[in-house]
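# sharing a model prediction with you, sequence too.
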Number of protein chains: 2
Amino acid sequence: MKAWEANVRKVIPYTPGEQPNRPGMIKLNTNENPYPPAPGVLKALEELDTDRLRLYPDPAASELVNALAEYYRKDPSCFFVGVGSDDVIAMAFQTFFNSEKPILFPDISYSFYSVWADLFGIRYRRPALDEDFRIVKEDYFKENGGIIFPNPNAPTGIYMELDQVEEIIAKNQDSIVIVDEAYVDFAGPSALELVDRYENLLVVQTFSKSRSLAGMRIGFAVGQPQLIKYLNDVKYSFNSYTMNLPSLKLGAAAVKDEAYFRETVGKIVSTRERVKKELSKLGFAFPDSQSNFIFATHKEWPAKELFEELKKEDIYVRYFASPRIDNYLRITVGTDEEMDALLAFLKKKGN
Amino acid sequence: MKAWEANVRKVIPYTPGEQPNRPGMIKLNTNENPYPPAPGVLKALEELDTDRLRLYPDPAASELVNALAEYYRKDPSCFFVGVGSDDVIAMAFQTFFNSEKPILFPDISYSFYSVWADLFGIRYRRPALDEDFRIVKEDYFKENGGIIFPNPNAPTGIYMELDQVEEIIAKNQDSIVIVDEAYVDFAGPSALELVDRYENLLVVQTFSKSRSLAGMRIGFAVGQPQLIKYLNDVKYSFNSYTMNLPSLKLGAAAVKDEAYFRETVGKIVSTRERVKKELSKLGFAFPDSQSNFIFATHKEWPAKELFEELKKEDIYVRYFASPRIDNYLRITVGTDEEMDALLAFLKKKGN
């Protein structure tokens, strides 16, 4: 090892999910939205003034923050925006999780939580989901340096009712509790309605799923102004201008088109419920997903083999070679046509 | 203080420079390029497929990396891209500056170096520039945990000849040396030509100045593949997808238009040289800037007063209330028309 290498931060390299992009392929592996962004997004792109790109963007991201504040009927000082919810959560880890006590998150959950904790040197414990893959709320009533969990959880898709979420927040008022709601628009009510009552709550959402803008990298956090200020202090010490001009303009346009948002989310939910029934008939079992994916296991077909077979058909789903879930596939809910192609293959295989 | 606040990372909030944006104002305060981006950037924007925005962007940012590799005639494995050079340098601090020994950077330099060091808990020492505001290379021949300096330096604008830069790199082969070349396109040769010879060298550049794309947030680092791999390992542990689709497409388009790039950089350099002569006649003194700004002090007019007077005329320049430089103004080189308006005001004041 060279001398300079002694000072290098060594991490286990994280490999992003496959992002193949071939015409005709069916991409059900990264929980993207099968429908294009709202029509207003195209209009905002057409109206974008390229001459303006020579100037720095607004560091406060006001246009986007104000659009969110108006949509969610809260003060702009309650919003923090970042380069996808990954950027937002990474900043929140750096800002709020500076304790000697371990932070808590479920053993089966978003795979990045442990990656961030390792990167920033944060201790953590991972209480196990129960045998039905449910979060056991009592596991989070123990001393901790912070809490984070997705709701609905990923990759299970299970939504925790808001009274249980509130119990976790209420019993941990000495810690920051982050509720990662990447998929909440496909599920029940958001913890956003609890923000005014709990100063220790940070709710994180993303434009990558329900708003069809994974390619724009926009995420946001909602909390009481003091929490948002702490987050912005760290963010401004890292990079003043994280959101480029197109993300401010296109993001604001996406928020403003509520009708399109409701329509596309509604279509995905209705496709999901139909596909659940079909998968049941085909011998699959799965938690009752309230997100835009289904986490399914088959009584006879090993998940890894099925994953490979589907790949040969140009149908991409996600397989995790991790304890407890290595016989499951996470299948993103695509268009009806895409799901019919998947179901047709599975039916043929079953005959 | 609430219990949860004990675990909050406390930083001295950094205040980004003023970004007023009113019609008719003359904005010479943040070293932006006065000319619009290359024509190819507009074309790339027009051709951007909004439907594609529903999908995640390429985490490897290949389109942009390949354009840079082709332009600079190096292997793509030598390039790292980020959300402006601030993002790139912040990642480099986290990746390479994990030593108990202090890192070194000049006392008068880019103000963010100490902000990042404080944020990440990195010790640092700041050797003083000499009385002519030059970096004293011998100050960097001492034991250290890493080195960073801008070339040309900011806010002085002074370019250090490449043989001296090389000496600093060569004498510090146990440390990573980051040469921050945000302004190098307006100056002499880049340290890029040293990358093949020094595995401890990381050169950082940006699209915000010479490529007229401050609003897109694009920066990059060039180094030997092992260094870039370490940087990517940390980056992928932070956020897999930092570069959104427009930044990949528009960034690549900007790199490809070499003729426009040379033309606009040439215009700025020629305006700079003319304005230097005029400022001299008006009683200003300044280091011989090789960047797109001039760091000037007047023999009679206190800088802070002049700063306020210019502001009243809707001419914005930058004033730093910092030791040694609190009687200087950093004046960005704008168009000839903008600089003539500034000079006209100064001439009137002098009569």
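Yep, that arrived.
# list the buried residues in stretch A:224-235.
A:Q224, A:L227, A:I228, A:Y230, A:L231, A:N232, A:D233, A:V234, A:K235 (16 or more other C-beta atoms under 10 Å in any protein chain shown). Glycine gets a C-beta too; all of them are placed from N, C-alpha and C.
# excluding sequence neighbours, find me the nearest residue to the first one.
If I follow you right, that is A:Q224. A:E199 (4.8 Å; C-beta to C-beta, 6 or more residues apart in numbering or on different chains).
# check contacts around that neighbour.
A:Q173, A:G223, A:Q224, A:Q226, A:L227, B:K2 (C-beta atoms under 8 Å, 6 or more residues apart in numbering or on different chains).
# which of the three states applies to the fourth one?
Assigned by DSSP: H, G, I helix; E, B strand; the rest coil, the conformation of A:Q226 is helix.
# so what's it closest to, chain neighbours aside?
Closest to A:Q226 by C-beta to C-beta, 6+ apart is A:E199, at 6.7 Å.
# so A:A252 sits against A:V41, correct?
No: counting by C-beta atoms under 8 Å, A:A252 does not reach A:V41; the two are 9.6 Å apart.
# more crowded one of the two?
A:V41 (28 against 23; other C-beta atoms under 10 Å in any protein chain shown).
# circling back to that earlier point, which single one of the contacts of A:E199 is nearest to B:N144?
Nearest to B:N144 among the contacts of A:E199 is A:L227, at 37.2 Å by C-beta to C-beta.
# any idea how far that closest one is from chain B?
9 Å (C-beta to the nearest C-beta, to the nearest Å).
# that residue contacts A:I176, doesn't it?
Yes: between A:L227 and A:I176 there is a contact at 7.4 Å, judged by C-beta under 8 Å.
# the buried residues of stretch A:224-235 into a markdown table, with extra columns for pLDDT?
Formatted as a markdown table, those follow (pLDDT from 0 to 100):
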| residue | pLDDT |
| --- | --- |
| A:Q224 | 98 |
| A:L227 | 97 |
| A:I228 | 97 |
| A:Y230 | 96 |
| A:L231 | 96 |
| A:N232 | 95 |
| A:D233 | 95 |
| A:V234 | 95 |
| A:K235 | 95 |
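# what touches both of A:L227 and A:I176?
Contacts common to A:L227 and A:I176, judged by C-beta under 8 Å, 6+ apart, are A:F96, A:L202.
# help me confirm that A:M243 is found in a helix?
No: per three-state DSSP, A:M243 lies outside any helix segment and is coil.
# and the pLDDT at the nearest residue to it once chain neighbours are set aside?
Leaving aside its sequence neighbours, A:M243 sits nearest to A:A61 (C-beta to C-beta, 6+ apart; 4.7 Å). At A:A61, the model reports a pLDDT of 97.
# also the one 5 residues further on?
Among the per-residue scores, A:N66 shows a pLDDT of 98.
# how far away is it from chain B?
16 Å.
# same check, this time on A:I26
13 Å.
# which strand residues bridge that residue?
A:I315 (DSSP bridges).
# that one contacts A:L343, doesn't it?
No: using C-beta under 8 Å, A:I26 makes no contact with A:L343, being 11.5 Å away.
# so which of the two has more stuff around it?
Taking neighbours as other C-beta under 10 Å, A:I26 and A:L343 compare with A:I26 leading, 21 against 16.
# hmm, A:L342 is touching A:N29, no?
No: with contact defined as C-beta under 8 Å, A:L342 does not count as touching A:N29 (11.8 Å).
# quick one: the longest helix seen in chain A near chain B?
Criterion DSSP state H: the longest helix present in chain A is helix A:258-281. No: Helix A:258-281 stays clear of chain B (C-beta under 8 Å from any C-beta of the partner chain), getting no nearer than 9.8 Å.
# what's in contact with the helix or strand following that helix?
Next in sequence after helix A:258-281, counting helices and strands by DSSP states H and E, comes strand A:284-285. By C-beta under 8 Å, 6+ apart, the surrounding residues in contact with strand A:284-285 are A:A296, A:T297, A:H298, A:K299.
# and the next helix-or-strand element following strand A:284-285, what's its mean pLDDT?
Using DSSP H and E, the helix or strand that follows strand A:284-285 in sequence is strand A:293-298. Averaged across strand A:293-298, the pLDDT comes to 98.
# for the closest residue to chain B within the stretch 251-351 of chain A, identify the helix or strand it belongs to.
Residue of the stretch 251-351 of chain A nearest chain B, by C-beta to the nearest C-beta: A:A254 (9.3 Å). Using DSSP H and E, A:A254 sits within helix A:245-256.
# other SSEs contacting that helix?
helix A:39-46, helix A:62-72, helix B:245-256 (3 or more C-beta pairs under 8 Å, 6 or more residues apart in numbering or on different chains; DSSP states H and E).
# at 10 Å what do you get?
If you count contacts as 3 or more C-beta pairs under 10 Å, 6 or more residues apart in numbering or on different chains; DSSP states H and E, helix A:245-256 packs onto helix A:39-46, helix A:62-72, strand A:79-82, strand A:219-222, helix A:258-281, helix B:245-256.
# could you chop chain A up by domain?
A:3-37+A:259-350, A:39-257 (automatic domain parsing).
# need the winner for burial among those domains.
domain A:39-257 (a mean of 21; mean count of other C-beta atoms under 10 Å in any protein chain shown).
# what's stretch A:128-136 in contact with?
Contacts with stretch A:128-136, where a contact means C-beta atoms under 10 Å, 6 or more residues apart in numbering or on different chains, come from A:105-109, A:127, A:139, A:149-151, A:153, A:155-158, A:160, A:164-165, A:168, A:286-288, A:295, A:324-325, A:328.
# if we go to 6 Å?
A:P106, A:D107, A:I108, A:T156, A:M160, A:P287 (C-beta atoms under 6 Å, 6 or more residues apart in numbering or on different chains).
# end-to-end on it?
Criterion C-alpha to C-alpha, to the nearest Å; first-to-last residue distance in stretch A:128-136 is 8 Å.
# which non-adjacent residue is nearest A:I122?
A:F97 is the one closest to A:I122 (C-beta to C-beta, 6+ apart), at 5.0 Å.
# next: A:D86.
Per C-beta to C-beta, 6+ apart, closest to A:D86 is B:N239, 4.4 Å.
# mind checking how far that neighbour is from A:G84?
Going from B:N239 to A:G84 by C-beta to C-beta, to the nearest Å gives 6 Å.
# picking up where we left off before, which ones are touching the residue nearest to A:M243?
So A:A61 contacts A:V81, A:M243, A:L248 (C-beta under 6 Å, 6+ apart).
# want to try a markdown table for the residues you listed, with distance to B:A259 and pLDDT as columns?
Compiled in a markdown table, the contacts of A:A61 are given as follows (distance: C-beta to C-beta, whole Å; pLDDT from 0 to 100):
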| residue | distance to B:A259 | pLDDT |
| --- | --- | --- |
| A:V81 | 37 | 98 |
| A:M243 | 31 | 98 |
| A:L248 | 30 | 98 |
